[in-house]
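Trainee: sequence first, predicted model second:
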Amino acid sequence: MGHDHSHSHGITATGKHRKRLVAVLCITLAVVLIQIIGALVSGSLALLADAGHMLSDAAGVFIALLAAWIAARPASDQRTYGLQRAEVLAALANALVLIVISVIIFTEAIRRLGSAPEVQTDVMLFAAVLGAVANLVSLLILRGAQKESLNVRGAYLEVLGDLLGSIAVIAAAVVIMVTGIQAADTVASLLIALMILPRAWHLLRDVVDVLLEATPKGVDVQMIREHILAVEGVVSVHDIHIWTITSGVPVFSAHVVVEDAELGARGADRILDRLGGCLGSHFDTEHCTFQLEPATHAEHEAHQHA
């Protein structure tokens, strides 16, 4: 006997914060343009690296927005969850782009070691300060939403990395102005590349967890099992599965063995209501499925498989 306790395909976590992402995208693209011009005029690799990183952020935000639009499309018989996984694939693309950008920056910085060209620090400093201010504004815009969506969190972490990158460029410009050591620009480029990689790795790991249908973080399966077993009429529970379709859309299913006497028409409804109430208090999901099995049937199955 199966029953889907609740069916709902509401807006995804990324979709709820679309306006924030649009604002950050506009700010980021404007700063990228200024930093690229500044890097070409000043000859600063660090500034160009920061612009490249911000350009990858802009691409990531654009992908997230596109994925949020795709994910909001209705489900069909061929795709029963719609295209909600598109958001996860967008986050995967975002992580891979970050890794490629960091490798390119690192390679160019290594090539420049020992032969750093002269840098115009006034242009470099102006563009870096402008980038830092823009990143601070973007962080404030995304801060309230980054805990709800994998894509928004990816954008938030990238902007945070951009802020650190801008600070590194500012520090390099000050060092060159004070000491004349041009290599500071190359060192800052290396630091930016090294800052990108850990964030890309963490984002990639979270995406892989979703694609491998790992149990969502913070969910205690044993605790859920114990609470289900505490429901009156439940004998045992098995085949518990908890996974995530996309950010903010967890899914739960389980086979629940129930005393035969509890499985009358109204009895089954009462059991399902109790299970739904129990699950709702411990695990926030609108997609939960309980397959109710009579105790005698479960014993028969166990005997057959023995």
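Mentor: That came in fine, so what should we check first?
Trainee: just the helices from the stretch 151-300 of the chain, written as ranges.
Mentor: Secondary structure of the stretch 151-300 of the chain by DSSP state H, counting those that start in this stretch: the helices cover 183-211, 221-229, 265-280, 295-305.
Trainee: test my guess that S189 contacts A51.
Mentor: No: if you go by C-beta atoms under 8 Å, S189 and A51 don't touch, sitting 11.5 Å apart. From N, CA and C alone the C-beta is placed, and that goes for glycine too.
Trainee: between these two, point out the one with more neighbours.
Mentor: More neighbours surround S189 than the other of S189 and A51, with 30 against 26 (other C-beta atoms under 10 Å).
Trainee: partners of the top strand by length along the chain in the sheet?
Mentor: For the chain, the longest strand by residue count, based on DSSP state E, is strand 234-246. Taking DSSP bridges as the criterion, strand 234-246 forms sheet pairs with strand 249-258 (antiparallel).
Trainee: quick one, the partner strand and helix 265-280 angle?
Mentor: Interaxial angle, strand 249-258 versus helix 265-280 (axes from the mean of the first three to the mean of the last three C-alpha atoms, to 10 degrees): 140 degrees.
Trainee: quick one: strand 249-258 to helix 221-229, angle?
Mentor: Going by the same axes, to 10 degrees, strand 249-258 makes 50 degrees with helix 221-229.
Trainee: which outside residues touch strand 249-258?
Mentor: Residues from elsewhere that reach strand 249-258 (C-beta atoms under 8 Å, 6 or more residues apart in numbering): 12-13, 81, 84, 216, 219, 228, 233-245, 268, 271, 275, 279, 283-285, 287-295, 298.
Trainee: just how off-centre is it within its chain?
Mentor: Relative to its chain's centre, strand 249-258 lies at 25 Å (C-alpha atoms, centre = their mean, to the nearest Å).
Trainee: ditto for stretch 96-107
Mentor: 19 Å.
Trainee: what of stretch 88-100?
Mentor: From the chain centre to the centre of stretch 88-100 is a distance of 10 Å (C-alpha atoms, centre = their mean).
Trainee: any low-confidence regions in the stretch 101-250 of the chain?
Mentor: Counting by pLDDT under 70, the stretch 101-250 of the chain contains low-confidence residues at 116, 144-151, 248.
Trainee: change it to 90
Mentor: 101-124, 131, 135, 138-166, 168, 180-250 (pLDDT under 90).
Trainee: any of the contacts of strand 249-258 buried? List them.
Mentor: Buried by 16 or more other C-beta atoms under 10 Å: 12-13, 84, 216, 219, 228, 233-235, 237, 240, 242-245, 268, 271, 275, 279, 283, 285, 287-290, 292-295, 298, out of those.
Trainee: and the gap between I34 and S44?
Mentor: Plainly put, I34 is 13 Å away from S44 if you go by C-beta to C-beta, to the nearest Å.
Trainee: higher neighbour count, these two?
Mentor: Between I34 and S44, S44 has the larger neighbour count (other C-beta under 10 Å), namely 32 against 18.
Trainee: can you report how many residues lie near A127?
Mentor: If we define neighbours as other C-beta under 10 Å, then A127 has 27 of them.
Trainee: next: G161.
Mentor: G161: 25 neighbours (other C-beta under 10 Å).
Trainee: distance of it from V257?
Mentor: 50 Å.
Trainee: ok, now H241?
Mentor: 16 Å.
Trainee: one more: V237?
Mentor: According to C-beta to C-beta, V237 and V257 sit 7 Å apart.
Trainee: now V22. Nearest residue, chain neighbours left out?
Mentor: Distances taken as C-beta to C-beta, 6 or more residues apart in numbering put L65 closest to V22, at 6.7 Å, once the chain neighbours are dropped.
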